[in-house]
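In: quick one: sequence and predicted model below, then my questions.
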Amino acid sequence: MNMIKKIITLIFCIQISLTNAFAVCPVLQTMSTESVEKELKEHILSSDVHWNHTLIGFVISVENKMLFDECNCLTEDGKSFLNKLAQIMKNSGRQWKIYAHTEHGATQLDRLYTTSKQAGEVTNYLTNIERCLINQIFPIGFGSIMPYQKHNPDHITNERTDFIIEEFNFNR
C-alpha cells in the first residue's frame with residue numbers, strides 16, 4: 001500500500017512539472033527600455049500622458065482624470081489607454097511598477113486608501129481583462145507621499161498614476 005502511494009505521488013509530481021503555468025513570461029527576450037518607449041510613443045498619444053527618465057528607470061505618468069471617474073472606477077479613456085499599454089507590457093518581458101498618487105482626501109490614510117484602490121483597479125483590469133501576467137505587475141498606492149515638484153516642466157500633476165520600468169542608472 002505504501003508503494004502505491006509513492007507511485008501515485010511520483011506520477012502526480014511529474015504531471016504538475018509538465019503543466020504550463022500562467023505566471024511564466026511567454027517572451028523569450030526582454031525589450032530594451034528604448035524599444036518600449038518607442039512603442040508607447042507610437043501607439044499612445046494624449047496630453048494626459050507624460051514620459052520621463054529618472055534614476056530608477058523609464059516612467060509613464062498618466063493623469064488620473066483620464067484613468068478614473070469621480071468614483072475611482074476606470075473611464076472609457078482609461079480602459080482604451082490600458083488596452084494599448086497591456087499589449088506592450090505583455091510583449092516587453094519586463095516587470096512594471098504601478099504607483100498611484102493623489103492629494104485628495106482629508107487624511108493620509110484616506111489618500112492611501114484611494115490610491116490603493118486605484119492601483120488595484122488598474123491591476124485587476126490588466127490581469128482579468130487584458131490577461132497580463134500577475135508576476136509582471138507590482139501595484140502600490142502612495143497617497144500623497146511622493147509628490148512631483150510644484151514647478152515641473154511638463155506640468156505633471158500630483159493626481160497621477162505612474163507606470164515604471166525599473167532600470168537603475170545613477171549617471172543621469
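Out: In hand now; what should we look at? Numbering: from 1, shown residues only.
In: pretty sure residue 99 sits in a helix.
Out: No. Read with DSSP: H, G, I helix; E, B strand; the rest coil, residue 99 is strand and lies in no helix.
In: touching, it and residue 166? I think so.
Out: No. Judged on Cβ atoms under 8 Å, residue 99 makes no contact with residue 166 at a distance of 11.3 Å. For glycine as for every other residue, the C-beta is placed from the backbone atoms N, C-alpha and C.
In: let me know the next secondary structure element after the helix or strand of the chain with the lowest mean pLDDT.
Out: Every helix and strand in the chain was compared by mean pLDDT, DSSP states H and E; the lowest is helix 2-18, with a mean of 64. Following helix 2-18 in sequence order, the next helix or strand is helix 33-43 (DSSP states H and E).
In: average pLDDT across that next one?
Out: On average, the pLDDT along helix 33-43 is 87.
In: just how off-centre is whichever helix or strand comes after it within its chain?
Out: Counting by DSSP H and E, the element after helix 33-43 in chain order, helix or strand, is strand 49-53. Put simply, strand 49-53 sits 15 Å off its chain's centre (Cα atoms, centre = their mean, to the nearest Å).
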